[in-house]
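[1] model the following, please.
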Amino acid sequence: MFFKKDNLRLGIVLGLLGPILGLVIIYFSKYSSTSFGNFIDDFFNNNKLITSIGSLSLLVNVVFFTLYVNTNRDKTAKGIFLITVIYGIGILVLKLVN
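    Take a look at the predicted model:
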């Protein structure tokens, strides 16, 4: 199966998709009364939302990372970790620039 591979590229892809999935989950669970465009606009322009929603969206990667580390798929876990760090740095830069 696709998720049983131990591959750096798979980790990078999962690391890129995880926070996007987390953002969508947060939108539907808490902000579905507004449009998705307004939600994204508020996310990028409000420092409090950048920190809180950005951190929560990265939790999906924590779940993926833990799952792959516990099943000894270290190459995939490295890819997830790498992208999570890049996302985290991006969130910090976005917060400083705002």
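
[2] which intervals of this protein have sub-threshold pLDDT?
    Regions of the chain meeting the criterion pLDDT under 70 cover residues 1-2.

[3] now the helices for it?
    When secondary structure is read from DSSP state H, the chain shows helices at 8-30, 36-45, 47-70, 74-97.

[4] buried ones in the third one?
    If you call a residue buried by 16 or more other Cβ atoms under 10 Å, then helix 47-70 has these buried ones: 50, 53-54, 56-58, 60-61, 64-65, 68. C-betas here are computed from N, CA, C, even on glycine.

[5] do the shortest one as well
    Within helix 36-45, the residues that count as buried by 16+ other Cβ under 10 Å are 39, 43.

[6] contact partners of that helix?
    Helix 36-45 has contacts (Cβ atoms under 8 Å, 6 or more residues apart in numbering) with 23, 27, 31, 34, 49-50, 53-54, 94, 98.

[7] what do you get if the cut-off is 6 Å, keeping everything else the same?
    Contact with helix 36-45 is made by 27, 31, 49, 53, as judged by Cβ atoms under 6 Å, 6 or more residues apart in numbering.

[8] state the distance from residue 23 to residue 8.
    Per Cβ to Cβ, to the nearest Å, residue 23 is found 24 Å from residue 8.

[9] and these two? which has more neighbours close in?
    Per other Cβ atoms under 10 Å, whichever of residue 23 and residue 8 has more neighbours is residue 23, with 20 against 15.

[10] next one: the more buried one from residue 3, what distance?
    Distance from residue 23 to residue 3, by Cβ to Cβ: 21 Å.

[11] one more: residue 64?
    With Cβ to Cβ as the criterion, residue 64 and residue 3 are 9 Å apart.

[12] please apply the same query to residue 90.
    Counting by Cβ to Cβ - residue 90 and residue 3 are separated by 25 Å.
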